[in-house]
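Undergrad: Sequence first, then the predicted structure:
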Amino acid sequence: MRNAILIMFIFLTVTACGPRWYYPHLDWLLPWYVKDYISLNTRQRGELATRLARHLLWHCQTQVPTYAAFLRGIKSDLQNPPGTLTSDHIWGYAAALKAYWKDLMRRIGPDVAAILATASDDQIAELYKNIEQDNRELEYTYVDPPVEEIFKNRTARMADRLEHWIGTLGDDQMKAVQRWSYQLGNTADQWIANRRRVQQAFGEILARRHEDPAYRQGFIRLLTWPETRRTERYQRLHDRRTHLTVALLAEIGAMLTPAQRAHFLDELEALAEDFDALTCRPPNRAL
């Protein structure tokens, strides 16, 4: 299942417009997004709005400043003294990002569970119909094309992401991306199979939402730790893909030109400043 309701902003922060435009609009963007998957009744829409407002206030007061500091920490690693992003650096960043994500899931999990507990069987069926449509679209994009096209498209996607952060890739950097794409192999079918396993697990929990006292705890646990549903085979695949990607990023980092380094530092600071602008302070309270 897509992590519902309040988490889309994490993905929006890497879009071209950036978080400064999207974040203030999440109070209406996120309900619109949710309605793509499930038709909410009037009571559910009101409940969503109330819970969303509370979480957005918490997030902009406590989490957004942490994201700005995180980005400036990466910037400092590159500047003082000038260095490269090693594998150890990247593993550390990944661990921090994972911790931020888990904190967010633990925070919003009770409200997501509460809203879905009010869903009718027809609403849950609608939700899963739309989720499966997403799965089929992912298969069309990542599984169905010929293998060479899959590798080529993956190379292009990674190159585009890197060029957003560091500017135009050099020949050696592009070759590194191509090697990485081929090393990953053709495994999207296993990725989608894992998605379906997690979705099925959510479905089993949701089926007991009206009578199981442990429903909420089980839902929050799975929302926070979906990796517990991975098979051993898929976990090995996931670990291999992660190691290859970290190695690629370290290799690219070691090849940064002065212009690319400057571009990267500018992008980090620009995004950190966006988060600075989005930080909100608790209101002053009269003594």
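TA: That came through, no problem. Numbers count the residues shown, from 1 in each chain.
Undergrad: C-alpha from now on. contacts and neighbour counts both.
TA: Fine.
Undergrad: mind listing the helices in the stretch 1-150 of the chain by residue range?
TA: 8-12, 19-22, 26-35, 42-58, 64-79, 87-117, 121-142, 147-166 (DSSP state H, counting those that start in this stretch).
Undergrad: Serialize those to TSV and add fields for mean pLDDT.
TA: TSV is the format used below for the helices of the stretch 1-150 of the chain (pLDDT from 0 to 100):
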stretch	mean pLDDT
helix 8-12	36
helix 19-22	56
helix 26-35	58
helix 42-58	84
helix 64-79	91
helix 87-117	88
helix 121-142	93
helix 147-166	95
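Undergrad: Redo those as CSV? Include distance to Leu222.
TA: Shown next, in CSV, are the helices of the stretch 1-150 of the chain (distance: least, Cα to Cα, whole Å):
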stretch, distance to Leu222
helix 8-12, 18
helix 19-22, 27
helix 26-35, 19
helix 42-58, 20
helix 64-79, 25
helix 87-117, 9
helix 121-142, 17
helix 147-166, 29
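Undergrad: Which of the ones you listed sits closest to Asp212?
TA: Shortest distance between Asp212 and the helices of the stretch 1-150 of the chain, using Cα to Cα, is found for helix 87-117: 10.6 Å.
Undergrad: Quick check: Gln173 touching Gly253?
TA: No - counting by Cα atoms under 8 Å, Gln173 does not reach Gly253; the two are 9.4 Å apart.
Undergrad: List the buried residues of stretch 118-136.
TA: Buried residues in stretch 118-136, counted by 16 or more other Cα atoms under 10 Å: 119, 123-124, 126-128, 131, 135.
Undergrad: what's the answer for stretch 230-240, then?
TA: In stretch 230-240, counting by 16+ other Cα under 10 Å, buried: 230, 234, 238.
Undergrad: same question, stretch 187-205
TA: By neighbour count on 16+ other Cα under 10 Å, the buried set for stretch 187-205 is 188, 191-192, 194-199, 201-203, 205.
Undergrad: re the thing from before, so which of the helices of the stretch 1-150 of the chain comes closest to Arg261?
TA: helix 147-166 (6.7 Å).
Undergrad: hmm, back to that, among the helices of the stretch 1-150 of the chain, single out whichever gets nearest to Val246.
TA: Here helix 87-117 is closest among the helices of the stretch 1-150 of the chain (Cα to Cα), at 6.2 Å.
Undergrad: Can you give the distance of that closest one from its chain's centre?
TA: 9 Å (Cα atoms, centre = their mean, to the nearest Å).
Undergrad: now stretch 66-83
TA: With Cα atoms, centre = their mean as the basis, the mean position of stretch 66-83 lies at 21 Å from the chain mean.
Undergrad: Name the residues that touch that stretch?
TA: 84-85, 265, 268-269, 271-273, 275-276 (Cα atoms under 8 Å, 6 or more residues apart in numbering).
Undergrad: now, which of these sits nearest Thr245?
TA: Leu85 (13.2 Å).
Undergrad: The closest one against Ala250, yeah?
TA: Yes - counting by Cα under 8 Å, Leu85 touches Ala250, with 5.8 Å between them.
Undergrad: Indicate which one of the helices of the stretch 1-150 of the chain is closest to Pro213.
TA: Pro213 sits nearest to helix 87-117 of all the helices of the stretch 1-150 of the chain, at 11.4 Å, using Cα to Cα.
Undergrad: And the closest one, what's buried?
TA: 87, 90, 93, 104-105, 107-109, 111-117.
Undergrad: Kindly report the same for stretch 172-182.
TA: Buried, per 16+ other Cα under 10 Å, within stretch 172-182: 173-174, 176-178, 180-182.
Undergrad: Let me know the closest of the residues you listed to Arg51.
TA: Ser181 (41.3 Å).
Undergrad: So that closest one is in contact with Phe151, correct?
TA: Yes - with contact defined as Cα under 8 Å, Ser181 counts as touching Phe151 (5.8 Å).
Undergrad: ranges for the helices of the stretch 151-287 of the chain?
TA: Using DSSP H, counting those that start in this stretch, helices in the stretch 151-287 of the chain cover 171-184, 188-206, 215-224, 232-254, 258-278.
Undergrad: Report the angle between the longest one and helix 64-79.
TA: Our comparison of helix 232-254 with helix 64-79, counting by axes from the mean of the first three to the mean of the last three Cα atoms, to 10 degrees, yields an angle of 60 degrees.
Undergrad: All set, thanks.
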